[in-house]
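A.B. asks: My questions concern the predicted model and sequence given below.
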Amino acid sequence: MKKIIVSLMFLVAMSSVVLAAPADKAAGDVGYTAIGVQRWITFDVHEATAKQPAKGTLHYTDVNGIWYDVNVQVVDVVGNGAYFAGPVVAGSGVGSWLYAVVHDVGTPGSNGDTVAGNYMTETDARNAVSGHNEMPNTPYTPFLVTSGNLVVQGGGSEPGAPSTCTQIQSGTLVDSKGISIGLGYDQWGYNYQAHMFLGYFDNNARPATPVDSGDTLIMKWNDAWLSNGDCDGDGKLDRHYGFASYRGSGAWLTNHQWGTNTDGTTWDYFVKIVAVPTDALLMSDGWHTAGGSLIGYQIWGDFAVTQEVLNDPMAGAHGLLYKADFPGFGVW
């Protein structure tokens, strides 16, 4: 059943480069109530820089069991607000674009932070981002965050700057096995441009002959985990760009898996893994911040599992398995 993925760590040879200017970005893992329904979103997005285009991810769930994943492609950070949009690639509403707005009021925790979102056409969503549309007078008026925290960080990016790095579109980049990397999904289910894997679980290790059945897996990662460009000229995708190692880079990975039990019931499992900050301390129960808060239990050296969720009727599991003090994506 559930299996934490390790193969992605080694699929593409490491390539590190000099420190680049940080992008304006927003990230969070928050809960809120909208139209009488308890909902949760986890997101990590950033504007375009001289290195790469705007991008990110958003994962939504609610108490009714509805969920979806968004491949964010348009981002604009203005002051304490972040406006972003992208196509729904899995779950409910596949094919639509989601437009989202989040505001960070700058107080500790979730006090005063707001979120809002709506399905739109691609054209309308892109226009909403560029116009900083707050979606007034609709059922999707911003809702107060009631749990978790979100952070909007601006002032450091170069939106719209031309790329100085070799992109996947060039057709010249290869993985650690010398196989050419292209746009879109490959035969196993990897989409390096979109920072995700979507396919059968056993294909994550890229067997010689891809399987055509089994449990389903969605993996998502950010640019620090594995970039979609080459900036040091070695012909491979970069990792932990601008950092000597993963530690302190802000890298993260998520796995969302589901399948069918032998009794016919279905199960699903979700896990978040983050690289720990440079001043993190390893204790008996896992990695802690310098201030003593639990980041998560240790995995792969300088990484921590921050949250696990399992729903499996056959195993008697329903909901949260593990949650650290900071279950989000490592906005330290």
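C.D. replies: Arrived safely. Residues are numbered from 1 along each chain as shown.
A.B. asks: Flag the shaky bits of the stretch 51-200 of the chain, pLDDT-wise.
C.D. replies: The stretch 51-200 of the chain contains residues with pLDDT under 70 at 51-52, 106-111, 136-141, 155-164.
A.B. asks: residues in contact with residue 215?
C.D. replies: Neighbour list for residue 215: 1, 200, 201, 202, 257, 258, 259 [criterion: Cβ atoms under 8 Å, 6 or more residues apart in numbering]. Where you see a C-beta, it was placed from the backbone N, CA and C, and this is true even at glycine.
A.B. asks: next one: phi and psi at it?
C.D. replies: Main-chain torsions, residue 215, degrees, to the nearest 10: phi -70, psi 150.
A.B. asks: Which among the contacts of residue 215 count as buried?
C.D. replies: The neighbour count (16 or more other Cβ atoms under 10 Å) marks 1, 200, 201, 202, 257, 258, 259 as buried among these.
A.B. asks: so where's the stretch 201-332 of the chain shaky on pLDDT?
C.D. replies: Where the stretch 201-332 of the chain drops to pLDDT under 70, the residues are 232, 241-242, 326-332.
A.B. asks: Mind doing that once more with 80?
C.D. replies: Along the stretch 201-332 of the chain, segments meeting pLDDT under 80 span 231-234, 241-244, 325-332.
A.B. asks: Just give me the residue closest to the centre of this protein.
C.D. replies: In the chain, the residue lying closest to the centroid (Cα atoms, centre = their mean) is residue 57, at 4.4 Å.
A.B. asks: Could you double-check that that residue lies in contact with residue 41?
C.D. replies: No. At 10.6 Å, residue 57 does not count as touching residue 41 under the criterion of Cβ atoms under 8 Å.
A.B. asks: Would you mind measuring from residue 116 to residue 145?
C.D. replies: 11 Å (Cβ to Cβ, to the nearest Å).
A.B. asks: Same question for residue 177.
C.D. replies: For residue 177 relative to residue 145 (Cβ to Cβ), the value is 44 Å.
A.B. asks: who's sitting farthest from the centroid in this structure?
C.D. replies: Relative to the centre of the chain, and counting by Cα atoms, centre = their mean, the farthest-placed residue is residue 263 at 32.6 Å.
A.B. asks: So the nearest residue to that residue once chain neighbours are set aside: helix, strand or coil?
C.D. replies: Excluding its sequence neighbours, the residue lying closest to residue 263 (Cβ to Cβ, 6 or more residues apart in numbering) is residue 314, at 5.5 Å. Using DSSP: H, G, I helix; E, B strand; the rest coil, the structure places residue 314 in coil.
A.B. asks: Give me the phi and psi angles of residue 314.
C.D. replies: According to degrees, to the nearest 10, residue 314 has phi -70, psi -30.
A.B. asks: Run a quick neighbour tally on it.
C.D. replies: By other Cβ atoms under 10 Å, 14 other residues sit near residue 314.
A.B. asks: Now do the same contact list for it.
C.D. replies: So residue 314 contacts 261, 262, 263, 265, 267 (Cβ under 8 Å, 6+ apart).
A.B. asks: swap in residue 254?
C.D. replies: Each residue near residue 254 by Cβ under 8 Å, 6+ apart is listed here: 42, 57, 59, 218, 219, 220, 221, 270, 271, 272, 273.
A.B. asks: ok, the fourth one to residue 99 distance?
C.D. replies: Summarising the geometry, the distance separating residue 218 from residue 99, computed by Cβ to Cβ, is 22 Å.
A.B. asks: Please say which of these two ends up with more neighbours.
C.D. replies: A side-by-side neighbour count of residue 218 and residue 99, using other Cβ under 10 Å, places residue 99 first with 27 against 20.
A.B. asks: what helices or strands is whichever strand or helix holds that one leaning on?
C.D. replies: Assigned by DSSP states H and E, residue 99 belongs to strand 97-103. Judged by 3 or more Cβ pairs under 8 Å, 6 or more residues apart in numbering; DSSP states H and E, strand 97-103 is in contact with strand 37-46, strand 67-72, strand 81-91, strand 114-120, helix 122-131, strand 143-153.
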